[in-house]
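In: Here's a sequence, model it:
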Amino acid sequence: MKQIENYMIKWSFTCNLVFLTAIVVLGVDNFFSGTIKAEEPHEIRRLAVLPFQAIQHDLETSYLGLALDHEVITKISYIKHIVVRPSAAVRKYEDAAYVLADVGRELDVEFVLTGEYEKEKSHFCLNVKLINVHRDKVIWDEKIDVAYDEIFTLLDIIPRKMIAKLQLQLSFEESQMLKKDIPTNLSAYEYYLKAIALKPQTVDDWADCIQLLEKSIELDSTYAPAMASLGYAYLQYSGKVGGRKGHYELAEKTLLHALNVNRELPQTLYFLGLLYAKIGRSEKSAALHLEGLKQNSNIPDFYSGLGYVYRYAGLLDESIQAYQQSQFLDSSLKNVISTQMQIIKSQIYKGDYHAARKSYDKVITYLQTMQQSADEKKLFYNGVIYLYSEDIERAIAYFDSAMSVDNTSVWSVFGQAYKEAILANNGRVLEITDQLESRDVVDGERRYRFVHFYAQIGRVEDALRNLQKSIEAGFFNYPYIRQDPLIERIKNTEKFRILLNQAKDRHDTFKQRFIGKL
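Out: You can find the predicted model right below:
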């Protein structure tokens with residue numbers, strides 16, 4: 001027995017020595033994960049798919065470059081170990097000369113997929129290249145030739161071969177999801193491709209986009225990406241024309257149909273989450289974004305969407321964390337600037353005006369790197385920071401700067417309303433609020449601006465009416481509303497206490513359901 005005990009002691013000592021040596025060599029995190037980080041087979045690949053270029057210019061097929069680029073991006077968004085940049089981030093490279101190393105830095109990616117295409121009678125030819133821009137190395141270069149009436153087979157060929165070249169092993173679920181969303185009607189698919197190749201800005205642009213997508217859906221109501229795109233187009237159109245105008249309802253109906261066809265499609269979950277956030281159904285919005293993250297936790301947009309909803313619900317620290325996670329996954333300057341501006345709002349609502357000013361200074365530094373200047377929205381928010389900091393002179397200066405950049409923007413108009421309220425020009429404030437009221441503002445956070453305007457000039461009932469609308473529209477940011485110094489004039493009323501309790505009840509319920517889920 002003594003020999004056995006001595007043997008066990010020696011064995012225990014040897015095991016402990018091996019254990020400690022492994023920790024020293026591998027590091028604590030890598031030891032307990034069971035792998036060395038540099039050899040991790042599931043390392044995230046950051047990828048951009050640039051607009052495909054036509055070999056020969058042809059107006060009839062010019063839309064295919066942007067459209068097929070978008071389709072590949074949509075398809076590979078299913079893959080958990082690829083973080084792919086959205087179409088909006090790459091469209092600026094459509095007709096521009098670029099250096100791939102610069103693209104990699106600008107978009108914060110290691111891999112770039114490019115392509116050149118040509119349609120010849122009944123055939124479609126696409127030359128694709130997958131480049132590791134960090135190493136300046138082509139890892140895939142192939143000419144793919146398909147019959148034009150089977151152009152949608154590219155949605156299977158390109159992702160499958162690219163995944164092999166990136167040395168990724170797909171789960172069974174990912175493999176199954178890649179098999180979904182295959183068009184069945186060529187004419188319907190062409191309408192869809194033409195729609196997503198558009199760059200809509202105005203109301204008329206979005207109307208044209210809707211018309212093409214509606215034609216596509218009439219011919220094929222089983223293609224989920226087309227239905228998701230139509231739902232998003234209805235959402236954007238309604239935002240342009242102001243108010244609901246029935247298009248929010250159409251957007252919801254269409255997106256729910258898309259969800260019924262394919263619940264795993266990330267863009268449907270994201271678009272529907274955006275819609276619900278816009279019309280005040282914050283709980284449903286948060287649930288959809290979290291569902292999307294459960295399927296693929298490496299999609300930056302889902303974190304940005306959660307940051308938005310959490311701010312509305314008063315989970316301010318969680319909102320900031322969500323935006324920071326989006327920045328981690330996509331540290332391109334465009335995304336960092338956008339999300340940092342959103343973080344500023346949560347910092348204002350927390351009453352941390354010093355942090356908000358530091359965030360704004362970061363944004364200006366990023367803009368200077370991109371050789372850009374602050375637009376009217378950014379100038380407006382800097383004015384708000386100074387307003388809360390009681391630096392009235394600077395606040396007014398920034399509100400005026402916003403107006404000089406664009407005097408038609410809602411942000412510039414908001415800024416002028418604040419300015420006139422500061423100066424006690426009550427009549428002018430009412431003129432501006434009447435103008436804003438005519439826009440039928442649906443968004444709860446924007447509606448809360450009216451509470452400020454009316455409270456500042458002593459229109460208590462109007463301020464309370466808008467506070468009720470704001471809470472009903474999904475802005476139940478109880479911690480902020482409770483301590484907001486700009487609405488002191490309405491806080492001693494019974495109705496305010498009732499409304500504040502309503503905001504608290506909804507905030508508490510939301511917090512209990514969603515806290516810690518991120």
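In: Strands of the protein, start to end?
Out: Taking DSSP state E, the strands of the chain run over residues 45-49, 53-54, 82-84, 111-120, 123-132, 137-147.
In: buried set for the longest one?
Out: Counting neighbours by 16 or more other Cβ atoms under 10 Å, one finds that the buried residues in strand 137-147 are W140, I144. Heads up, the C-betas are built off the backbone N, CA and C, glycines and all.
In: what's the answer for the fifth one, then?
Out: Of all the residues in strand 123-132, those buried under the rule 16+ other Cβ under 10 Å are F124, L126, N127, V128, K129, L130, I131, N132.
In: now, which of those residues sits nearest E190?
Out: Of all those, E190 sits closest to F124, with 12.1 Å by Cβ to Cβ.
In: what's the residue nearest to the closest one when sequence neighbours are not counted in contact with, if anything?
Out: Leaving out its chain neighbours, the residue that sits closest to F124 by Cβ to Cβ, 6 or more residues apart in numbering is Y148, at 4.7 Å. Contact analysis of Y148 by Cβ atoms under 8 Å, 6 or more residues apart in numbering lists K119, K121, S122, H123, F124.
In: Format these as JSON lines; extra columns: pLDDT and distance to A96.
Out: JSON lines is the format used below for the contacts of Y148 (pLDDT from 0 to 100; distance: Cβ to Cβ, whole Å):
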{"residue": "K119", "pLDDT": "88", "distance to A96": "23"}
{"residue": "K121", "pLDDT": "81", "distance to A96": "30"}
{"residue": "S122", "pLDDT": "88", "distance to A96": "32"}
{"residue": "H123", "pLDDT": "90", "distance to A96": "29"}
{"residue": "F124", "pLDDT": "93", "distance to A96": "24"}
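In: And the furthest pair within these?
Out: K121 and F124 (9.8 Å).
In: From the centroid of this structure, which residue is nearest?
Out: Centre of the chain computed as the mean C-alpha position; nearest residue by Cα atoms, centre = their mean is D301, 3.4 Å away.
In: where's A258 relative to G273, distance?
Out: The spacing between A258 and G273, counted by Cβ to Cβ, to the nearest Å, is 13 Å.
In: which residues do the two both contact?
Out: Counting by Cβ under 8 Å, 6+ apart, nothing touches both A258 and G273.
In: wait, which of the buried residues of strand 123-132 is closest to A277?
Out: L130 (35.6 Å).
In: Can you name the residues that contact the closest one?
Out: F111, V112, L113, V138, I139, W140, D141, M162, K165, L166.
In: Which members of these are the farthest-apart pair?
Out: Farthest pair in the contacts of L130, by Cβ to Cβ: D141 and L166, 14.4 Å.
In: show me the residues around the residue nearest to G383 when sequence neighbours are not counted that make contact.
Out: Spatial nearest neighbour of G383, excluding adjacent residues (Cβ to Cβ, 6+ apart): Y398 at 3.4 Å. Contact analysis of Y398 by Cβ under 8 Å, 6+ apart lists L379, F380, N382, G383, Y386, G415.
In: now those in JSON lines, with pLDDT, distance to E249 and neighbour count?
Out: Below are the contacts of Y398 laid out as JSON lines (pLDDT from 0 to 100; distance: Cβ to Cβ, whole Å; neighbours: other Cβ atoms under 10 Å):
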{"residue": "L379", "pLDDT": "97", "distance to E249": "35", "neighbour count": "24"}
{"residue": "F380", "pLDDT": "97", "distance to E249": "31", "neighbour count": "25"}
{"residue": "N382", "pLDDT": "97", "distance to E249": "37", "neighbour count": "25"}
{"residue": "G383", "pLDDT": "97", "distance to E249": "36", "neighbour count": "25"}
{"residue": "Y386", "pLDDT": "97", "distance to E249": "40", "neighbour count": "21"}
{"residue": "G415", "pLDDT": "97", "distance to E249": "32", "neighbour count": "28"}
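In: how about those residues in CSV, adding distance to Q53?
Out: Listed next are the contacts of Y398 as CSV, based on distance: Cβ to Cβ, whole Å:
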residue, distance to Q53
L379, 37
F380, 39
N382, 40
G383, 43
Y386, 47
G415, 42
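In: From the residues you listed, which land in helices?
Out: Filtering the contacts of Y398 for membership in helices, criterion DSSP state H, returns L379, F380, N382, G383, Y386, G415.
In: I'd say the fourth one and I422 touch.
Out: It refers to G383. No - with contact defined as Cβ atoms under 8 Å, G383 does not reach I422; the gap is 10.2 Å.
In: D391 versus the residue nearest to G383, what's the distance?
Out: 10 Å.
In: Over to T61?
Out: The value you get for T61 to D391, if Cβ to Cβ is used, is 56 Å.
In: Now D220. Nearest residue, chain neighbours left out?
Out: A188 (3.7 Å).
In: Do I have it right that the one you found meets P225?
Out: No - here A188 does not reach P225: they are 11.4 Å apart, not a contact under Cβ under 8 Å.
In: what about these two, which has more around it?
Out: More crowded of A188 and P225, by other Cβ atoms under 10 Å: P225, with 25 against 21.
In: List the residues that contact that one.
Out: If you count contacts by Cβ under 8 Å, 6+ apart, then P225 has E71, T74, D181, Y192, A258, L265, Q267 around it.
In: Let's have the residues you listed in JSON lines, adding distance to S404.
Out: Listed next are the contacts of P225 as JSON lines, based on distance: Cβ to Cβ, whole Å:
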{"residue": "E71", "distance to S404": "42"}
{"residue": "T74", "distance to S404": "40"}
{"residue": "D181", "distance to S404": "47"}
{"residue": "Y192", "distance to S404": "41"}
{"residue": "A258", "distance to S404": "42"}
{"residue": "L265", "distance to S404": "43"}
{"residue": "Q267", "distance to S404": "37"}
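In: Now for the residues you listed: which two are most distant?
Out: E71 and A258 (15.5 Å).
In: between the contacts of L130, which is closest to A197?
Out: Using Cβ to Cβ, the contacts of L130 come closest to A197 at L113, 17.6 Å.
In: thought that closest one was touching K129?
Out: Yes - applying Cβ under 8 Å, one finds L113 in contact with K129, separated by 7.2 Å.
In: Give me the pLDDT value at the closest residue to L387 other than its chain neighbours.
Out: Closest residue to L387 apart from its sequence neighbours, by Cβ to Cβ, 6+ apart: A395 at 4.1 Å. Listed pLDDT for A395 reads 97.
In: Check G280 too.
Out: Reported pLDDT for G280: 89.
In: For Y308, which of the strands of the chain is the nearest?
Out: Closest among these, once you apply Cβ to Cβ, is strand 82-84, at 19.8 Å.
In: Let me have the strands of the chain in TSV, extended by distance to N501.
Out: Converted to TSV, the strands of the chain look like this (distance: least, Cβ to Cβ, whole Å):
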stretch	distance to N501
strand 45-49	46
strand 53-54	59
strand 82-84	42
strand 111-120	52
strand 123-132	57
strand 137-147	60
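In: among the ones you listed, which is nearest Q176?
Out: Among the strands of the chain, strand 82-84 sits nearest to Q176 (Cβ to Cβ), with 16.7 Å.
In: hmm, who's touching the closest one?
Out: 44-49, 73, 76-77, 166, 168, 298-300, 329-330.
In: Mark which of the residues you listed are buried, thanks.
Out: 45-49, 73, 76-77, 166, 168, 298-300, 329-330.
In: now the helices: where do they sit in the stretch 301-450 of the chain?
Out: 316-329, 333-350, 353-369, 376-388, 392-405, 410-422, 426-437, 444-456 (DSSP state H, counting those that start in this stretch).
In: scratch that, the stretch 1-150 of the chain
Out: Using DSSP H, counting those that start in this stretch, helices in the stretch 1-150 of the chain cover 2-26, 28-33, 64-76, 87-90, 100-107.
In: Lowest average confidence across those, which one?
Out: What stands lowest among the helices of the stretch 1-150 of the chain, in mean pLDDT terms, is helix 28-33, with a mean of 32.
In: residues contacting C209?
Out: Contacts of C209 by Cβ under 8 Å, 6+ apart are A195, L198, P200, A233.
In: Please consider this matter closed, and thank you.
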